[in-house]
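> Can you look at this prediction? I've put the sequence above it.
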Amino acid sequence: MSEAVEYLITALDGTDAAAPERRLAVRDEHLAGAQKLAERGELLSGGAILDDDGRMIGSSMHVAFADEAAFRAWYDAEPYILGGVWQDISIRPMKIFRPVL
């Protein structure tokens, strides 16, 4: 993918009592979507953010899309967005360092 737009997404879950249930309710759908992104080369890295006790409290994703519109189309359909899982979301433009070997 050349000249893709890349973003670092850091998204923390809600802190209310129902937050873990919301995450689990759409987790399989989120992971299936992440797998599709990875297969298309759009998910460069990602994973759960854990608290000190090892509980999932958020997510981090480094994604690359052909353009802003493609990013927005994915973001607007992301199950963790639609399911109200992610509550504190930071989206930053990013460019990964790719060393020349």
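Cool, got the structure.
> could you give the mean pLDDT of stretch 14-25?
Mean per-residue pLDDT for stretch 14-25: 96.
> Sorry, slip of the keys, the one I care about is stretch 31-43.
97.
> Check which residues of it are buried.
Using 16 or more other C-beta atoms under 10 Å as the test for burial, stretch 31-43 gives 33-34, 37, 42-43. Using the backbone N, CA and C atoms, a C-beta is placed for each residue, glycine as well.
> Include distance to residue 89 and secondary structure when you put these into CSV, please.
As requested, the buried residues of stretch 31-43 are arranged in CSV below (distance: C-beta to C-beta, whole Å; DSSP: H, G, I helix; E, B strand; the rest coil):
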residue, distance to residue 89, secondary structure
33, 16, helix
34, 16, helix
37, 17, helix
42, 18, coil
43, 17, strand
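> Quick one: the strands in the chain, in order.
5-13, 43-50, 56-65, 86-93 (DSSP state E).
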